[in-house]
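**Student:** got a predicted structure plus its sequence, pasted below:
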Amino acid sequence: MELIELLKTKFNYDHFRPGQQEIIESLLSGNSVLGMLPTGTGKSLCYQLPGYLLEGTVIIISPLISLMEDQVTQLQRLGEKRAVALNSVLSSWEKQLVLSEAQKYKFIFMSPEMFLTANVQKTLQAMKLSLVVVDEAHCISQWGIDFRPEYLKLADGIKKVNVSLVLALTATATKSVRQDIQRLLFNDEAQEFIYSVDRPNISFFVYQGDKLKKLQELVESLAGSGIVYCATRKKVEELYKLLKQTHAVAYYHGGLSGQERRMLQQQFLAGDLQLLIATNAFGMGINKDNIRFVIHYDLPDSPENYLQEVGRAGRDGQPSQAILLYEEGDEHIHHFLQEQTNQSKKLFEIKQKITDLVFEDPLIKKWEQFFPNQESRLLDLLSKRGVTKKVQLKKMLDYISTANCRRKFLVSYFDETLHKKNSNCCDNDGATLAIKISKEIPSETPFTWQKIVQKIFKNAKKD
């Protein structure tokens, strides 16, 4: 079947978006691929479509439960019943049931932690696998958005399940991160398809000063649905309590149960909520195409994270807005988290000198579990991670203070040149916020009941 024909009949699209066809054709030719496509431009199609043309099951490794479940839901809406998320939301017997019938599924989503467990590896080794997909592949790199040692073991796990075709997908990866992905994931260098991180339909704004006052003004004036991102669960709940009396709003963070998260996600997708206040636990892969604005109430820790999160807006290609609020000192929470990494490094250095020292550092315990007797590698990664986080945070502060084009600033961070800007680019280029249009009835012609009765009688006399 021709690709365009399958695209139309299975996914109801008339044409591919930039990068999709190139990645799909390369996979069908037997080449592993590293693809970087902007958030909201249909990365999931790059494995879903070839999945129907390749023999065997597609394994998709994703970092977040919400991302897995959203992708499963999308496939089910397309009529695909052979898709499942194998994650911690399932009970023990449900996991066993999925594994016992794993060969019946076409698409299985799981976390890197789940993928590497012994029983999952054993099950996959006995199956016919067509493709392993590593979604949000920037997580592999120690320069990525999170530090999960399991990502550094993925290449070993993929080799053990005997699959040669691998697809790594990301929306935000600098050149150094892409190099890291190539080195850590692929046996041989994969073919790269790299497209700009720029989303021309999103306008960028920064407001400094009283954040709470500005947030209240924004949610009153902005049209459409939006997301407000906060750094902590506490702040998420505080803002929810403040706004719930006057707005259709809910909150979302990792402390909610799986059932609560799914319910809120569905309400937001269905348009029952105007506003969702969330930590970054919400967002990756959420396929609501008409989000009109994303507000960051707290400072993101990196340009990578910022572009990932504002990329939730404007997936339908319509004008949308990314708004960052900042008060002096907002960066302190990130300094605190960076200091925790420094403390882990110091503790590990002490442990090397005092071998019988016992302490409970979760990062080091996890590392030792996955990489025993590799102390020097851990110290090297901790050092690089600390330096990188400082550089990324400094870039976000520079983004706030720049008097030049904000879009150009973000694009250049990813080693790109901005060739074209839209007419409503950013506040430094004269962009203005799109707000609700008032539809008030003119005061000189009020629709009182007396006027309505007079009009009825007047029309009756004409008849």
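**Tutor:** Now that the structure is in, tell me what you want to look at.
**Student:** where exactly do the strands run in the stretch 51-200 of the chain?
**Tutor:** With strands called from DSSP state E, counting those that start in this stretch, the stretch 51-200 of the chain shows them at 57-61, 83-86, 107-110, 129-134, 166-170, 191-194.
**Student:** show me where pLDDT drops low in the stretch 251-400 of the chain?
**Tutor:** Scanning the stretch 251-400 of the chain for pLDDT under 70 picks out the ranges 283-286, 335-379, 382.
**Student:** show me this protein divided up by domain.
**Tutor:** 3-194, 198-428 (automatic domain parsing).
**Student:** could I get those as JSON lines with mean neighbour count?
**Tutor:** C-beta: built from backbone N, CA, C; applies to glycine. Below are the domains of the chain laid out as JSON lines (neighbours: other C-beta atoms under 10 Å):
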{"stretch": "domain 3-194", "mean neighbour count": "18"}
{"stretch": "domain 198-428", "mean neighbour count": "17"}
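**Student:** pipe those domains into CSV and attach distance to residue 435 per row.
**Tutor:** Output for these, formatted as CSV (distance: least, C-beta to C-beta, whole Å):
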stretch, distance to residue 435
domain 3-194, 23
domain 198-428, 4
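**Student:** how about these, which one is nearest residue 434?
**Tutor:** Residue 434 sits nearest to domain 198-428 of all the domains of the chain, at 6.4 Å, using C-beta to C-beta.
**Student:** helices or strands up against the top helix by length along the chain?
**Tutor:** When the chain is parsed with DSSP state H, its longest helix is helix 375-401. When contacts are defined as 3 or more C-beta pairs under 8 Å, 6 or more residues apart in numbering; DSSP states H and E, helix 375-401 packs onto strand 202-208, helix 303-310, strand 320-326, helix 332-353, helix 406-413.
**Student:** name the residues that touch the first one?
**Tutor:** Okay, so that is strand 202-208. Residues outside strand 202-208 that contact it (C-beta atoms under 8 Å, 6 or more residues apart in numbering): 214, 310-311, 313-314, 319-328, 399-400, 406-407, 410, 422, 424-427, 431, 433.
**Student:** what number of residues lie near residue 435?
**Tutor:** Per other C-beta atoms under 10 Å, the neighbour tally for residue 435 reads 13.
**Student:** helix/strand/coil for residue 294?
**Tutor:** Under DSSP: H, G, I helix; E, B strand; the rest coil, the three-state class of residue 294 is strand.
**Student:** got a list of what it touches?
**Tutor:** Neighbouring residues of residue 294 by C-beta under 8 Å, 6+ apart: 226, 227, 229, 309, 310, 312, 313, 320, 321, 322, 323.
**Student:** ok, residue 309 to residue 294 distance?
**Tutor:** Distance of residue 309 to residue 294, given as C-beta to C-beta, to the nearest Å: 6 Å.
**Student:** please read the previous query as pertaining to residue 113.
**Tutor:** Counting by C-beta to C-beta - residue 113 and residue 294 are separated by 29 Å.
**Student:** and what of residue 327?
**Tutor:** For residue 327, the distance to residue 294 - C-beta to C-beta - is 19 Å.
**Student:** any low-confidence regions in the stretch 101-250 of the chain?
**Tutor:** The model of the stretch 101-250 of the chain has pLDDT under 70 over residues 142-147.
**Student:** just the helices from it, written as ranges.
**Tutor:** Under the criterion DSSP state H, counting those that start in this stretch, helices of the stretch 101-250 of the chain are mapped to 112-115, 118-125, 154-160, 175-185, 211-221, 233-243.
**Student:** nearest to residue 394 among those would be which one?
**Tutor:** helix 175-185 (16.1 Å).
**Student:** that closest one: how far from the chain's middle?
**Tutor:** Centroid separation for helix 175-185 versus its chain: 19 Å, with C-alpha atoms, centre = their mean, to the nearest Å.
**Student:** got it, and stretch 257-266?
**Tutor:** 17 Å.
**Student:** stretch 266-283 too?
**Tutor:** Worked out by C-alpha atoms, centre = their mean, stretch 266-283 lies 13 Å from the chain centre.
**Student:** kindly export that stretch (C-alpha atoms) in PDB.
**Tutor:** Extracted in PDB, the C-alpha atoms of stretch 266-283 (Å, rounded to 0.1, in the frame of the first residue of the first chain):
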ATOM      1  CA  GLN A 266      -9.900  13.700  29.500                       C
ATOM      2  CA  GLN A 267     -11.900  16.700  30.900                       C
ATOM      3  CA  PHE A 268      -9.200  19.100  29.600                       C
ATOM      4  CA  LEU A 269      -9.100  17.400  26.200                       C
ATOM      5  CA  ALA A 270     -12.900  17.500  25.900                       C
ATOM      6  CA  GLY A 271     -13.000  21.200  26.600                       C
ATOM      7  CA  ASP A 272     -14.800  21.000  30.000                       C
ATOM      8  CA  LEU A 273     -11.900  23.000  31.600                       C
ATOM      9  CA  GLN A 274     -10.700  26.400  30.500                       C
ATOM     10  CA  LEU A 275      -7.600  26.200  32.600                       C
ATOM     11  CA  LEU A 276      -5.300  23.500  33.900                       C
ATOM     12  CA  ILE A 277      -2.700  24.400  36.500                       C
ATOM     13  CA  ALA A 278       0.100  21.800  36.500                       C
ATOM     14  CA  THR A 279       3.600  20.800  37.200                       C
ATOM     15  CA  ASN A 280       5.700  19.500  34.300                       C
ATOM     16  CA  ALA A 281       4.200  16.100  35.000                       C
ATOM     17  CA  PHE A 282       1.500  17.200  32.600                       C
ATOM     18  CA  GLY A 283       2.100  17.900  29.000                       C
END
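**Student:** no further queries at this time; thank you.
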